[in-house]
Each structure stands twice: as C-alpha cells, then as structure tokens.
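Novice: quick one: sequence and predicted model below, then my questions.
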Amino acid sequence: MPVFLALTDTHTSEHRDRQAGKAALFMVLILSVFLIGGTYIINFFGISMEGIRIAGGLMIMKWAYSLLDPDMRGRKLSFEDQKDAQAKADISFSPLAMPLLSGPGSIAVVLGLQSQATEFNHYFTVLLAICLVALTAYIILRIAPAAVKILGKTGMSALTRMMGFITLCIGVQFIISGITLIVNGLFIINP
C-alpha cells in the first residue's frame, strides 16, 4: 500500500482505481504465463524443482526482511525507479504489476505449484488461487488511502511487521521444502 500510494500521490482517485484494476489484471496474466509455460521454462534453463524452491524462499525472505527492517520498510523499488514511475502516467504494468505484485517470489511460488500439478483440475486450482490473490491485491490497493488514514503510521508499521514475519516464515518453509527434496533424493535406493 505505501509504495502504491507514493507512486500515485498526484493522481485522482479514479485514475488510481484504474491503475489498481489494470495492475491486478496484468498480475493474473503474468503469473498465468508462468503457470502454463512453467515446464518449458524450467526445462529450457535446466532448473531443478529444489533450486526453484530454495531460490524462491530466498527471494521471499529478502522481501520479508525488508518489511521487518524499519530502514527498508517494504521498499521493492530503488529511489530512482520510484522517481521514474511517479513521472509515468500509467504504472499498472511496470512497476506495479511487475515487479511489485508479480515479482520473482510470486513467480517462484507459481512455478513450484505448477511443477506439482498432475491433472487439469490442479492447474485450474492454481489459476483460481492466482485470480483470488489478484482480487485481494486490487481490493487492498483500492482501500489503501482509507486504510492509511484509519491505521495511521503506527498501525501501518505494526501491520507491515506482522506481514513481514508471516512472509519470512513462508520463505523459510520454501527453503526447508527444497532441502528436504534434496535430502530425500540422496536416500532413494535404486534397485
């Protein structure tokens, strides 16, 4: 929310709402491409599932740490990138949809889920989850100005830290899952 509000502080509320809607749609499209083409991407680059989980976990942990660190506080964009984005009329694709809403961490999650899908309904379930997360992101971005007014700086700081801790736990779990796959692979005995 803070990054979105900073990028759209000079925009009207209608323009801000359109940017949020377009960004959510782009988020669905970007993550759907990785859901559908994930196998080809993984095979082309020769990436293992274990590597994706560990790398994804590290990316998620990096982002989580920035939420917990008061000096970084959720900063995903450099100051130069943020300044360039503020000068753009349309920020819905870049930087909002990519990398803020569908960055390396979310792409790693989608690739991880895609690699476990064995039936069409698994892909459909992941696609439905992507759509629900995009809808949630859209709602959060739409209510961001009111939420900031209600929560204030202290409330936003507390909420950010809570989300940072939960996100950190998710990142650690990704790394544990990747390492577990490696360890289990070492102990498989071929007859």
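Specialist: Received it, and whenever you're ready, just let me know what you need.

Novice: centre of the chain versus stretch 12-31, how much separation?
Specialist: Relative to its parent chain, stretch 12-31 has a centroid offset of 15 Å by CA atoms, centre = their mean, to the nearest Å.

Novice: contact partners of that stretch?
Specialist: 4, 8, 11, 90-93, 96-98, 100-102, 106-107, 110, 130-131, 133-135, 137-138, 141-142, 145 (CB atoms under 8 Å, 6 or more residues apart in numbering). C-betas here are computed from N, CA, C, even on glycine.

Novice: ok, now which ones touch residue 117?
Specialist: 123, 126.

Novice: just give the closest residue to the most centrally placed residue in the chain, not the sequence neighbours.
Specialist: The chain has residue 106 as the residue nearest its centroid, 3.9 Å off, counting by CA atoms, centre = their mean. Spatially, and ignoring its direct neighbours in sequence, residue 106 is nearest to residue 31 (6.3 Å; CB to CB, 6 or more residues apart in numbering).

Novice: can you name the next helix or strand after the helix or strand of the chain with the lowest mean pLDDT?
Specialist: Sorting the helices and strands of the chain by mean pLDDT, DSSP states H and E puts helix 79-87 at the bottom, at a mean of 61. Note on helix 79-87: by DSSP states H and E, the next helix or strand toward the C-terminus is helix 104-116.

Novice: I'd like to know which elements that following helix is packed against.
Specialist: helix 13-45, helix 49-68, helix 120-186 (3 or more CB pairs under 8 Å, 6 or more residues apart in numbering; DSSP states H and E).

Novice: now the longest one: average pLDDT?
Specialist: Right, the one you point to is helix 120-186. Helix 120-186 carries an average pLDDT of 89.

Novice: begin at 12 from now on, thanks
Specialist: Will do, 12 is the new start, and the previous item becomes helix 131-197.

Novice: packing partners for that helix?
Specialist: Counting by 3+ CB pairs under 8 Å, 6+ apart, helix 131-197 packs on helix 13-18, helix 24-56, helix 60-79, helix 115-127.
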